[in-house]
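# Structure of the sequence below:
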Amino acid sequence: EGNTRGGMGVLAALNLERHPALLCSIYTFGKAAGCHGAVIVSSKIVVEYLINYARPFVYSTALPPHSLTTIHCAYETMMGSIGERRRTHTFRLVRLFRDLCYRKVAGDSKDSESFLLPSPSPIQSVLVSGNERCIRIAQELQWAGFDVHPIRSPTVPKGMERIRIILHAHNTTEDVTLLVNTLADLLQEDETGGEGSIVKNNANIHTSNLGKSEDNHRKNTNLIMSRL
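Down below sits the predicted model:
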């Protein structure tokens with residue numbers, strides 16, 4: 001089991017941290033903590049075994065003091081009131097994103113899971129089959145100021161190409177609403193075979209809050225960030 005939130009993330013919410021089948025827990029200090037390194041938490045027997053036989057550990061060096069201070073400060077934030085507030089806001093955005101996708105994109109389709117992959121986390125995936133189509137839709141979203149990226153086959157199975165979207169605590173409900181509305185317009189335009197870019201054809205709608213120049217809005221309005 002891997003966890004970056006120190007008992008405050010998705011695994012804790014699913015009550016999996018103390019599952020009897022787990023051999024150990026790995027807490028990484030990259031990504032969420034913004035540093036580097038990791039610790040393994042387990043029974044005394046497992047810890048003693050790793051200390052004596054885990055070659056990567058035996059031949060590695062200790063973290064420098066500034067890294068330990070960074071990790072300590074990060075955990076104070078993540079496990080305090082600030083972290084709790086940010087998590088609550090982020091998961092509220094997740095629920096909003098999925099609800100809007102079901103209503104505005106999936107519509108009356110009962111097979112909504114074929115469009116939006118199930119995920120309780122801030123990492124969401126919208127299926128857009130076909131490499132060329134997936135790239136085209138992602139590029140239109142990028143042009144509109146959303147930092148999302150296509151995940152293409154053969155990285156994923158053919159026909160399961162997707163756009164990966166990551167929601168963050170700094171995003172707003174307006175950001176999420178604009179993203180879903182833009183995505184719905186693009187997919188509808190794609191299905192009807194309309195000519196041109198839906199974002200460019202409706203520039204007064206989609207770029208009103210994104211700055212006057214393409215360079216400016218690419219630098220300043222990365223509303224939704226996605227990283228592999």
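# Nearest residue to Leu117 in space, please, no chain neighbours.
Of all residues not flanking Leu117 in the chain, Ser125 sits nearest, at 4.3 Å (Cβ to Cβ, 6 or more residues apart in numbering). Backbone N, C-alpha and C define where each C-beta goes, glycine included.
# Can you classify that neighbour by secondary structure?
Secondary structure, DSSP: H, G, I helix; E, B strand; the rest coil: Ser125 is strand.
# tell me the pLDDT at it?
Looking at Ser125, its pLDDT is 94.
# beta partners for it?
As for beta bridges, Ser125 partners with Arg164 under DSSP bridges.
# hang on, it packs against Ile166?
No - using Cβ atoms under 8 Å, Ser125 is not in contact with Ile166; the gap is 10.0 Å.
# what's the span of stretch 141-156, first residue to last?
One end of stretch 141-156 to the other measures 21 Å (Cα to Cα, to the nearest Å).
# Can you pull the poorly scored residue ranges out of the chain?
Residues of the chain meeting the criterion pLDDT under 70: 1-11, 106-114, 194-228.
# any chance you could map the helices in it?
10-13, 44-53, 55-58, 65-78, 81-100, 131-143, 173-192, 198-201, 203-206, 214-220 (DSSP state H).
# how about these, which one is nearest Pro150?
The closest of the helices of the chain to Pro150 is helix 131-143. By Cβ to Cβ, the value is 4.1 Å.
# The closest one packs against which elements?
Judged by 3 or more Cβ pairs under 8 Å, 6 or more residues apart in numbering; DSSP states H and E, the packing partners of helix 131-143 are strand 149-151, strand 162-166, helix 173-192, helix 198-201.
# got the angle for the third one vs strand 162-166?
So the one you mean is helix 173-192. Counting by axes from the mean of the first three to the mean of the last three Cα atoms, to 10 degrees, helix 173-192 points 170 degrees away from the direction of strand 162-166.
# What is helix 173-192 packed up against?
Right, helix 173-192 is packed against helix 81-100, helix 131-143, helix 198-201, helix 203-206 by 3+ Cβ pairs under 8 Å, 6+ apart.
# would a markdown table of those with distance to Leu178 be doable?
Listed next are the helices and strands packed on helix 173-192 as a markdown table, based on distance: least, Cβ to Cβ, whole Å:
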| stretch | distance to Leu178 |
| --- | --- |
| helix 81-100 | 10 |
| helix 131-143 | 10 |
| helix 198-201 | 11 |
| helix 203-206 | 8 |
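# Centre of the chain to the edge, which residue is at the far end?
Centroid-distance maximum for the chain: Asn52 at 36.9 Å, with Cα atoms, centre = their mean.
# For that one, list the residues it contacts.
Asn52 makes contacts with Val58, as judged by Cβ atoms under 8 Å, 6 or more residues apart in numbering.
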